[in-house]
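Participant: I'd like to go over a predicted model; first the sequence, then the structure.
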Amino acid sequence: MEAELSAWYRHLQQEPERAVADLLAERRYFAAWNQLQPPELLQMLAAEETAQNFFLPLVDQGLQSLLHRLLQEQDPTASGFNHPKRFARLLTYGFHSSAILPLPQTVSWSKQAILGQGLRRWLDLYYFGRSCDPLNACCVALGRHQSDRQLMSFWLELASIQDGHAHYGQTALNNLLQMPDPGKSGPAGRISEALLIGILRFAEGLQRWQLGSEALDHYLEYLQAAYPMSQQAWQRKWRAAVQHVNMSDSTHQWVARHFPPDIFNASAGEDGAGSLPSRAERERMEKRLQQEPLADLREELQPFFARYRQHARTTGDGYHLVRTFNSCGKHILHSDPLLAVDLAQEAVTWDSHNPHSWSLLGRALDQAGNWQSAEVVFWQARRRFPYNAHSHSQLGSALAERGEREAALAVLDESIRFFPHDEAGYTTKATVLLQSGEGDAAWQVLQPIAATDNVKTLNLLATIQIQRGNLDEAEQVIGRAEQIAPQDEYVRKNQATLRHARQGKKYTPNPDPRPTGRDSAPAWLSSLTGQNFSDAPALGRVTAFRRAARFGAARHHLERVRPGAERENEQGLLLWNERNATEAKAYFAARCEHFPGDGTAQVHYGRACRRSDSAEEVNWAQLQRLFPALESIILTEKGGGKVPRFQLPDLASRLASPEDHRRGWLRSTCEQHADLLDQVQEDVIAAVRA
Amino acid sequence: MTQYPPFLTPLITQLLTATEIEQRAVAENFNREERVPGTLWSRYLRKQTQPVRSLDEWQDKHEQFLEDALYIDADDQDNTPWTFRDDNGGNALHPQVSPDRYLVRLEYVDFFANRIGVAQEQLLELLQHFLGGDAQQKNTARIKLGQYLRTWNELRDQRPAFATYLDEVEHILREDDWADGLREHLGIAGPPPLRPIPVLLMSYRVKEIAERPPLRVPTVLDNKLTPYFFPTPKPGSRAVCGETITGGHTVSLRAVPSEEEYLYGSELLHPKISYLPEHVARLGWIRRTPALPLAQARQYHLQHVQVLMDRSDF
């Protein structure tokens, strides 16, 4: 054995982590072995007889510990990795190695980290094209070592190409193909329904990003060659799969082009995934939940929910589960908030892009007395779904209930600016002001919607007028509300309050804020989307206070955010708002040099260049290629701040993706209020990574 | 005359007297290299402010250079590996190689399988069906192999590919142990195999790389640090080859009874090729350690190159 190898072996025994880092970073000269790339070098060394007992466990220990530490540190320069692309290659080689060698410790850590510790988003920062892509290497490794179906929903999401990179979709399909059958541990080696659903989602993704159908055609040709079956057998499988996916016309046409169109005429009972409750059954159960005590229904509820779970786990299609759990969860919020938490948690796990599930989860946690977690969920929902008015007003309302008046008002002011037609923003803000005795200000807030027919708004208006002592005006408003909803409980209450007021009794605001408690967020919270978003409240406050020009408060909260890309980029935006675009440009330029894979920093840099009339040329075409998920912002910047007319599906339909919603919101808001372009862009960029 | 950056001088001077050939050879290669254009030397180790102290440090800096200059992502259309840029035009082959001429290169099956996430045994079985199965097996394997190669093509960057001329190695390909023979002829580095290593012979015409692909003579800056490379001198006035440059010269590791019978091969660099199933010509196994020790091979090589290129001063 050459001297160089012997020296490295000694190093491995003494310091496994550093020795592995040196090898993967190609910082050591290995003489005759130097031509090999690190994974193949390790593979070659592993072929030694003694490798199983000595060499591989040390490599496993070193690699796992290295990855863990780097993820914790966030900034690789702290460990002496000053060249971002070489660092990305080190990570890529590390995951390649874990794919081809028996390194169970590393694989197990990677799986947990991708599900719950933000590994995915961190790896995103080091994307240098398909040839140097740590995330893809990590997914390949996880796919090869699957022993259960725990990653199924992750693969299905990856297959739908949310971020515009088709190759992740292909990796996801390969991994779905290798996923074990339910209850088994080895690779399935057969065409599962989950795979076919993945293919349909992949097709939808290709359509959405206009990536053509070539990759899809090739994949199908490959599957048919690899798993030869009769046309009838393929038909049966597709027939079962298409029942679980809502398809756009173009995907429908694609499926029909490859197979006779009668696959869309599914007959009952062909679904091998266990039958779902019928629509009538579901509606009946929801009605009973509203009318009967929960205790009477518990025995029926468990098998009812179990049928949705079985269907989702077998097919990978969580649509029915999410819809049903959300609607049933709402009805049991007060009677059994912990069960509502469970249902909402499952719904978010199956579809983390559904704002209704997040809303239910936040409310259920709050109702169950876990405000710390509820708060995290509310802030994260605001970050993930900036286009959803309810996510804003619900957060504002929750903060106000906890006595966080300033933060609540900052959130609600923004909600009103973004969604001037959504009454909830106005009414929640008016309620906050009313509760602090500012009746005149509350009345002022409601003026833009004073002509409303919404009974809740009218009730609030009446309450405010009573508080202000304008009893005749209050009576008039109560009369309008009574005409619209004569049986409404709050109309009656207001009538009673008015009578008391006429007798000289004073209006008393609501009681003191609800207690915030000291509980901590449960561990599962961070595994909902694969990243730790416990910083969401601090990050959200930084943004809200920064935009309200309360820079001291923004800085105070920024200190509470863990080191990492989010904190660094928010720091740049704070600099931008507090100073100017030129200083922000310099800040983001430095960040881009260290983290060229950070699309957020790259795009903010480009935005700052345009706004500071900078002479620097931004290579928008390259950014568009590297960061397709930020395409809507990039195209807007390329157009000098004019938002393009995106082709979008009906945003109310199930086919609309989060990206469609973001594009729709960017377009509609900035078309009417050009002055909101910066804030909407910031929110869209944040949502892509949230 | 040495051209490499002065920060390397102390280390190279020291390594030139090293007892280990694997260390000495790397220094010799940089010491002899005369084909790297000055514009490129000025980029090499450009951020260095202190002399390079060890071979490991040099390895680190060299990889950094390659990362910036050669390992360009396939989607990065704004950049080209320095090998194929205009300032390296002095290393272009002359005259141009016929577009119909066949080139060959070896690819490790392990490497292919690892990168696309397929088990090696699975890929080997597929290759065996593709190359030796019945008509139905071949057809099925072609489709699957096509999918695997597409994935691999997408994952490979633009680094230059080493190749040689098919017509120069046909005699080796007729041997039973052609994979070992070709590996030795091409001087492909590597340790003694601890197990048989499967390799693929890839074969394609020049025009399948691109319509008129740039082909270049390799230099020390086109590849990792390796003792198995030998730089090609510029020809002297009475060089056997005249003005014809058909490539660099491989350090042959084939067993020969004497120095006179030593025979190196040609090596050239071409841009990345997108492989098709049709390019997979053979599956073979590397089983043996190269017969000719590296030190002896390099000694023979030097003497032959000096004569061929009329460069006794090289």
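Facilitator: All right, it came through fine.

Participant: outline the domain layout of chain A.
Facilitator: Taking automatic domain parsing as the criterion, chain A consists of the domains A:3-264, A:274-368, A:588-689.

Participant: and B:P37, how many neighbours does it have?
Facilitator: B:P37 has 18 neighbours, counted by other C-beta atoms under 10 Å in any protein chain shown. To be clear about C-beta, it is placed using only N, CA and C from the backbone, and glycine gets the same treatment.

Participant: next one: it from chain A, what distance?
Facilitator: Separation of B:P37 from chain A (C-beta to the nearest C-beta, to the nearest Å) stands at 24 Å.

Participant: next: B:V240.
Facilitator: Counting by C-beta to the nearest C-beta, the gap from B:V240 to chain A is 30 Å.

Participant: list the contacts of that residue.
Facilitator: By C-beta atoms under 8 Å, 6 or more residues apart in numbering or on different chains, the residues touching B:V240 are B:307-310.

Participant: tell me which of the domains of chain A sits nearest to chain B.
Facilitator: domain A:3-264 (2.9 Å; C-beta to the nearest C-beta).

Participant: which helix or which strand is home to the closest residue in space to A:E26 that isn't next to it in sequence?
Facilitator: Leaving aside its sequence neighbours, A:E26 sits nearest to B:E63 (C-beta to C-beta, 6 or more residues apart in numbering or on different chains; 4.5 Å). Using DSSP states H and E, the secondary-structure element containing B:E63 is helix B:55-69.

Participant: C-terminal to that helix, what's the next element?
Facilitator: strand B:102-108.

Participant: how many neighbours does B:P6 have?
Facilitator: There are 10 residues near B:P6, going by other C-beta under 10 Å.

Participant: which ChimeraX command selects the buried ones in the contacts of B:V240?
Facilitator: Here is the ChimeraX command that selects the buried residues among those (16 or more other C-beta atoms under 10 Å in any protein chain shown):
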select /B:308,309,310
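
Participant: dihedrals phi and psi, B:Y204?
Facilitator: phi -160, psi 160 (degrees, to the nearest 10).

Participant: for chain A, see how far away the spatially closest residue to it that is not a sequence neighbour is.
Facilitator: The shortest distance from B:Y204 to any non-neighbouring residue, by C-beta to C-beta, 6+ apart, is to B:H279 (4.8 Å). B:H279 is 17 Å from chain A, where distance means C-beta to the nearest C-beta.

Participant: per-residue pLDDT, B:H279?
Facilitator: Among the per-residue scores, B:H279 shows a pLDDT of 98.

Participant: who are the packing partners of whichever strand or helix holds A:S153?
Facilitator: Using DSSP H and E, A:S153 sits in helix A:152-159. Applying 3 or more C-beta pairs under 8 Å, 6 or more residues apart in numbering or on different chains; DSSP states H and E, we find helix A:152-159 packed against helix A:166-178, helix A:193-208.

Participant: next structured bit after the last one?
Facilitator: Think helix A:193-208. Remark: after helix A:193-208, the chain's next helix or strand is helix A:214-226, criterion DSSP H and E.

Participant: who are the packing partners of that next one?
Facilitator: Taking 3+ C-beta pairs under 8 Å, 6+ apart as the contact cut, helix A:214-226 packs with helix A:166-178, helix A:193-208, helix B:135-155.

Participant: so which bits of it are buried?
Facilitator: A:215-216, A:218-220, A:222-226.

Participant: tell me the contacts of residue 128?
Facilitator: Went with chain A since none was named. A:F128 sits next to A:84-85, A:88-89, A:596-597, B:73 when contact means C-beta under 8 Å, 6+ apart.

Participant: looking at chain B here, not the other one
Facilitator: Counting by C-beta under 8 Å, 6+ apart, B:Q128 makes contact with B:L283.

Participant: sec struct for the closest residue to B:K234 other than its chain neighbours, please.
Facilitator: Closest residue to B:K234 apart from its sequence neighbours, by C-beta to C-beta, 6+ apart: B:E34 at 5.8 Å. Three-state assignment for B:E34 (DSSP: H, G, I helix; E, B strand; the rest coil): coil.
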